[in-house]
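1. model the following, please.
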Amino acid sequence: TAKTYVGMFEGFINHYKNTPLPDIGENEIRNYLSHQVGLGRSDSMLNQIINSIKFYFEVVLGMPNRFYEIERPLKKEKLPEVLSKKEVILMINSITNAKHKCIVSLLYSAGLRRGEILNLKISDIDSERMQIRVENAKGGKDRYTILGKSVLNDLRTYFKLWKPKTYLFEGQHGGKYSAKSVLNIVKRAASKAKIRKNVVPHMLRHSFATHLLEDGVNLRQIQLLVGHNSSKTTEIYTHVAKTSMILIKNPL
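-> This next block holds a predicted model:
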């Protein structure tokens, strides 16, 4: 968040290089936001720009709350895209590389974020309790998620072949595996499985939560497994799960 705010605010002050910061008011902010809209910035990015500007004046400079009249773009409520179980299995079965197979399998079967899989250490895999410890996840919180039997077998095969030292998945010269490599692995597997959706790592996490809900796991348990702060965030999967639609008879 700090990096994002600094980057956003830097763009803003560079836009008004010749204007002292205390002289900048709501009109200048509106003009800057209009300029950003013209550049095709997303609603999310526009909100972050507003947050960074407010943070500077209200928190850094310690001024009272300002810019009440700045209109924020309405947040669009997009539903997550998910894969079917069949599509996930096709993806996993299309992978011949042991390391790549484990990465895709874990993203789905443990509901991990891309950053979380990169931070996994060998010691985080608890084969006795069939759990995975996720340390310092989003919001700085630790949690446990489930470890599948087939994934554990694949991990053991991978471990013998690759012999990682600290992180479960390491780059060629040690250290963490790269985020871009994970994205490429997922996209390649989707392409081999002939899936036409724009598959990204986070879609596997969404699929994990949706399939659990469809299998009758309650929302509170899913919330704990995926590490959501609020149950409202987890409730979005009720709109995606097909369970509520099965009993509805199509009028045609």
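2. for the rest of this, base every contact and every neighbour count on C-alpha atoms.
-> Fine.
3. tell me the buried residues in the helix or strand hosting N184?
-> Secondary structure from DSSP states H and E places N184 in helix 179-192. Residues of helix 179-192 classed as buried: V182, L183, I185, V186, K187, R188, A189, A190, S191 (neighbour count, 16 or more other CA atoms under 10 Å).
4. with stretch 30-48 instead?
-> In terms of neighbour count (16+ other CA under 10 Å), stretch 30-48 has its buried residues at Y32, L33, Q36, L46, N47, Q48.
5. same question, stretch 153-161
-> Neighbour-count burial for stretch 153-161, counted by 16+ other CA under 10 Å, picks out D154, L155, Y158, F159.
6. ditto for stretch 129-144
-> For stretch 129-144, a neighbour-count test (16+ other CA under 10 Å) marks Q131, I132, R133, V134, E135, A137, Y144 as buried.
7. so what pLDDT did the spatially closest residue to F12 that is not a sequence neighbour get?
-> Take F12 and drop its neighbours on the chain: the residue closest to it by CA to CA, 6 or more residues apart in numbering is Y32, 7.3 Å away. You'll see Y32 listed with a pLDDT of 94.
8. my read: Y32 touches I13, true?
-> No. The pair Y32 / I13 is not scored as a contact, 10.0 Å apart, by CA atoms under 8 Å.
9. which stretch of helix or strand covers L106?
-> Using DSSP H and E, L106 sits in helix 98-109.
10. for the next helix or strand after that helix, give me every contacting residue.
-> Proceeding N to C from helix 98-109, the next assigned helix or strand is helix 114-119, under DSSP H and E. With contact meaning CA atoms under 8 Å, 6 or more residues apart in numbering, helix 114-119 is reached by 103, 106-107, 134-135, 137, 167-169, 176-179, 182, 201-202.
11. can you tell me the closest non-neighbouring residue to E81?
-> Once flanking residues are discounted, E81 sits nearest to M203: 6.3 Å by CA to CA, 6+ apart.
12. residues near the one you found, how many?
-> By other CA atoms under 10 Å, 19 other residues sit near M203.
13. A strand includes it, no?
-> No. Assessed by DSSP: H, G, I helix; E, B strand; the rest coil, M203 does not belong to a strand; its assignment is helix.
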